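[1] Following is a predicted model, sequence given first.
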Amino acid sequence: MNRNNKYEKLFWSIALPGFGQILNGRIFKGILFIALEFLINIQSNFNEVILLSFHGEIDKAIQQTNYQWLMFYPCLYMFAVWDAYKDAGGGKKPFSFMPFVFSAYFVTVGLIYSPDLRIMGILLGPIWLPILSILPGVVIGLLLKKFINQRYR
């Protein structure tokens, strides 16, 4: 197994924030991310909300969601993914953090509007709308990174 594989660390961190840090040898940071992930997950009822959303029970998912806690999740999650990737040798180019930052921002905004926003008449709720919000976050982050790097070369 290649210990320096930045994509391996990135994908393990996507699976569970903190795993990438542990693989990078940052044990304390990894345990801290895992503990924060569990705290936010439990306090926000996140697993129940995911289960209800996957079963199409969006109204119940919205009722079960503790938005005060779940609002912390996107930033923690994206920061942990970026941090694992960076520590494994990725993200050496300037502004490589931009797609992660804008993904966290757009997912948070998607979460804010998730109880009310309908797309083509469909209420997506606190799981599907934030997931769909990742794509514009990544695209805008990549475009801004490219623009800034070209402008200040």
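    Cool, the structure landed. Quick caveat: nothing in here was measured; it's all calculated off a predicted structure. Residues are numbered from 1 along each chain as shown.
[2] May I ask which helix or strand of the chain has the lowest mean pLDDT?
    Using mean pLDDT, DSSP states H and E, strand 118-119 stands out as the lowest-scoring helix or strand of the chain, at a mean of 90.
[3] That one: partners in the sheet, and parallel or antiparallel?
    strand 122-123 (antiparallel) (DSSP bridges).
[4] tell me which element residue 106 is part of?
    helix 98-113 (DSSP states H and E).
[5] Go ahead and name everything in contact with the least confident helix or strand of the chain.
    124, 129, 132 (CB atoms under 8 Å, 6 or more residues apart in numbering). Every C-beta, even on glycine, is put in place using the N, C-alpha and C of the backbone.
[6] Kindly recompute the last result at 10 Å.
    124, 128-129, 132 (CB atoms under 10 Å, 6 or more residues apart in numbering).
[7] Give me the buried positions along stretch 108-115.
    108-111, 114-115 (16 or more other CB atoms under 10 Å).
[8] Could you do stretch 49-69 as well?
    Here stretch 49-69 shows 49, 52-53, 58, 60-62, 64-65, 69 as buried, counting by 16+ other CB under 10 Å.
[9] now that stretch: mean pLDDT?
    If you average the pLDDT over stretch 49-69, you get 97.
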